[in-house]
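Enquirer: structure for this input, please:
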Amino acid sequence: MAQHAQINFKLLYVFIAVAEHSSFRIAAETLNKSESAVSLQIRQLEEQLGVPLFHRTTRRVRLTREGETLLSATQRSISELNIGMQKLQNAADLSSGTLSIACAPTVAAARLPLALSEFKAQYPGISVRLREIPGLELFNAIRDLTVDFAIGARVEDLGGVEFEPMIEDPICCFADAKYEMADAVSLEEVAKHPIILNASTTILRAALEKHFTAAGLSLQPAFEVLHVHTMVALAEAGLGVAILPKVALSHHLPSKLEMSRIMSPSMVRQIGILTSRGQMLSPAAVRFLEILRSPIFRSETAI
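Expert: Just a heads-up that it's a prediction; the model follows:
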């Protein structure tokens, strides 16, 4: 039985040359080989496939029916290979391709737009896909390699995910002026008021539970909603104190709200770049991270 998997692909290129020129001599000249070497390689290919590929006459060389089938298949394969190689080259020089990013909702609006705008201006041919993913789902996307990388908060157990810290993000509360919150407040002071939490930020919720318990307090939110803008609307209506990372509202703090940093205890989370351990990044991902790591995007003003 023919061992197709062991076929030397160089023999296929010799076969194509003979088939396209209908001549062993011309194929040999084109390939810079002797005619006898070309003839030998075609016989080797026929032996490996177990079928004759050419009708050999004194006047010309013609493909057999099996030879026509092989020529069609190899030409299609080579065409597809060339297309694939071109795509790889385009990805390498960043003229085309896809970049997939995941980001925690409390970070996406504040940090990414300027970096994305800069990247798109430099590489308009790259298609960028951004997914806002809450909580631990972010880590699943990284482990499954459904995104190139993610931007989010550090957790205690990274579970196969690499973390590169970028900024320190303090946890703050946002409230109407009627609550008369100081610039820095304690958890005890926050706990005196109705608390508004984001139900989707499971990592932050776990950290808050830990701090409240350590302070001998019970975390019982009056409002637990899915979206930051709902939290803001409730806080603007004077219905409670919204607890959020500073980065979530640092650029768009509504005029009716005042920000107070929780300082007793000091509550700070690290925001950084998350990748799967051992993952090789695409050229587009590498370049975007270079932009994101630049001083203007790493500074406090960028958050």
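
Enquirer: show me the strands in the stretch 1-150 of the chain, by range?
Expert: Using DSSP state E, counting those that start in this stretch, the strands found in the stretch 1-150 of the chain span residues 54-56, 61-63, 97-103, 126-132, 149-153.

Enquirer: what does the stretch 151-300 of the chain give?
Expert: Using DSSP E, counting those that start in this stretch, strands in the stretch 151-300 of the chain cover 161-176, 184-186, 195-198, 223-225, 241-245, 257-264, 268-276.

Enquirer: pick the most deeply packed of those strands.
Expert: strand 241-245 (a mean of 26; mean count of other CB atoms under 10 Å). Bear in mind the C-beta positions are built from the backbone N, C-alpha and C, glycine included.

Enquirer: between the strands of the stretch 151-300 of the chain, which one is closest to Glu47.
Expert: strand 268-276 (46.1 Å; CB to CB).

Enquirer: elements contacting that closest one?
Expert: The helices and strands touching strand 268-276, judged by 3 or more CB pairs under 8 Å, 6 or more residues apart in numbering; DSSP states H and E, are helix 137-143, strand 149-153, strand 161-176.

Enquirer: next, the angle from it to strand 97-103.
Expert: 150 degrees (axes from the mean of the first three to the mean of the last three CA atoms, to 10 degrees).

Enquirer: neighbouring strands - and their directions - for strand 268-276?
Expert: strand 149-153 (antiparallel), strand 161-176 (antiparallel) (DSSP bridges).

Enquirer: any idea which of those strands gets closest to Gln44?
Expert: strand 149-153 (47.7 Å).

Enquirer: mind saving the C-alpha coords of that closest one as CSV?
Expert: Extracted as CSV, the C-alpha positions of strand 149-153 are listed here (Å, rounded to 0.1, in the frame of the first residue of the first chain):
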residue,chain,number,x,y,z
PHE,A,149,-4.6,39.3,26.3
ALA,A,150,-6.8,41.0,28.9
ILE,A,151,-6.6,44.1,31.2
GLY,A,152,-8.0,43.6,34.7
ALA,A,153,-7.4,43.3,38.4
